[in-house]
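1. build the 3D model from these lines:
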Amino acid sequence: MIISASRRTDIPSFYGDWFIERLKEGYILIQNPRVADRLTRIDINRENTDCIVFWTKNAKDFIEKLDDIDKLGYKYCFEYTLTGYGEDIEKNLPDLDTRIDTFIKLSKRVNKNINWRYDPIILNKKYNLKYHVKNFDYISKKLKNYTDRCRFSFIDNYKHMDKKFRVLSENEMDYLGRNFSKIAKRDNIVLSTCCEKINLEKYGIKNGACIEKKYIENIIGLKLDVKKDKNQRIGCKCIETIDIGTYNTCGNGCIYCYANYKQHDKENLLKNHNVHSPTLIGKPRGDEIITNRKVKSLVDKQISFL
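-> Numbering: from 1, shown residues only. Model prediction:
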């Protein structure tokens, strides 16, 4: 099993202590997003868990917790978003340079097992094409010795999205792909898109996977027998994972986020979080219907070592 922690919320930023306690307890209860009184139990002991993929925009307070994860014997990596938008778009994040410094510190700690995400790319009068080229160039220069890979994607038109930005045209996507490619090649960073229909391979940019089989195998030092994740969007090439997050629980306040279609006040949101609870938000009453999900290691027993 590969744990995704999480596409739905920023666990390293807001729920790090809870996650460490869940690892020590060996299980998590995940609330059904459609039926509140139905929970799924996931056993996350070391024998079942091949790798943990952390998704975050601010791991400042989480770095010190990695020693606990190491002691427990789990393997892990990071998908780290750095876009540089202001408080009008990413409401509750530190300034860009502070987040870059955190990225670099984390990269040193995890031996570059950290991928930079420039995601999503939005357009409006303030954040135009020239802004993105200049901003991408700035971040890339800072990160060139601390990551080998960058994935970027263009904003999708979700129903709840703020009308402050719009979907990009193919010409605009092509323009950014061409310019990003020049910058990334200069800094020895491999570029790929995430879940995009547009073909940018003429610039050396492939439509890649965020959670890629070969990448995870290199981290854990073992071969995996794993399929494509059928629960993701059409066009997603990621391998199968189990996401342990909960929708509408992230305090970053990014107005483009598909997983937080109900924006919450960060302080009130965290008041409803119990670090000792098996669920991310609140605590089980005791009368919920709990289903045990069968999980197992995905390591290929026939070819166990790289």
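
2. any stretches of the stretch 51-200 of the chain with poor pLDDT?
-> 157-164 (pLDDT under 70).

3. let's see that with 80 instead.
-> 157-165 (pLDDT under 80).

4. now do the helices in it.
-> Under the criterion DSSP state H, counting those that start in this stretch, the stretch 51-200 of the chain contains helices at 66-72, 96-109, 129-143, 170-186.

5. ok, residues contacting stretch 78-89?
-> The contact list for stretch 78-89 (Cβ atoms under 8 Å, 6 or more residues apart in numbering) reads 12, 53-57, 59, 90, 93, 96, 99-100, 103, 106, 110, 113-120, 122, 126-127, 135, 138-139, 143, 164, 210-211, 254-256. (C-beta placed from N, C-alpha, C; glycine too.)

6. adding distance to residue 45, write the helices of the stretch 51-200 of the chain out as TSV.
-> Below are the helices of the stretch 51-200 of the chain laid out as TSV (distance: least, Cβ to Cβ, whole Å):
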stretch	distance to residue 45
helix 66-72	10
helix 96-109	24
helix 129-143	34
helix 170-186	39
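
7. need the buried ones from the contacts of stretch 78-89 selected in ChimeraX.
-> Selecting only the buried entries of the contacts of stretch 78-89 in ChimeraX, with 16 or more other Cβ atoms under 10 Å as the criterion:
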select :12,53,54,55,56,57,59,90,93,96,99,100,103,106,110,113,114,115,116,117,118,119,120,122,127,135,139,143,210,211,254,255,256
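
8. what about the contacts of stretch 78-89, which are in strands?
-> Counted as lying in strands by DSSP state E, out of the contacts of stretch 78-89, are 53-56, 114-120.

9. now the helices for the stretch 201-306 of the chain?
-> 213-220, 266-271.

10. contacts for the first one, please.
-> Outside of helix 213-220, the residues that reach it under the criterion Cβ under 8 Å, 6+ apart are 2, 50-51, 53, 75-77, 113, 223-224, 226, 239, 299, 306.

11. narrow these to just the buried residues.
-> 2, 50-51, 53, 75-77, 113, 223-224, 226, 239, 299.

12. quick check, nearest of these to residue 287?
-> residue 2 (31.9 Å; Cβ to Cβ).

13. mind listing residues that contact stretch 59-68?
-> Residues contacting stretch 59-68 (Cβ under 8 Å, 6+ apart): 12-13, 16-17, 19-20, 23, 54, 56, 76, 78, 80, 94, 98, 102-103, 105-106, 109-110.

14. residues in contact with the residue nearest to the spatial centre of the chain?
-> In the chain, the residue lying closest to the centroid (Cα atoms, centre = their mean) is residue 55, at 2.7 Å. Going by Cβ under 8 Å, 6+ apart, residue 55 touches 4-7, 10-11, 78-79, 81.

15. could you do residue 149 as well?
-> Contact analysis of residue 149 by Cβ under 8 Å, 6+ apart lists 115-116, 189-192.

16. try 10 Å
-> Each residue near residue 149 by Cβ atoms under 10 Å, 6 or more residues apart in numbering is listed here: 79, 112, 114-117, 184, 189-192, 208, 210, 212, 215.
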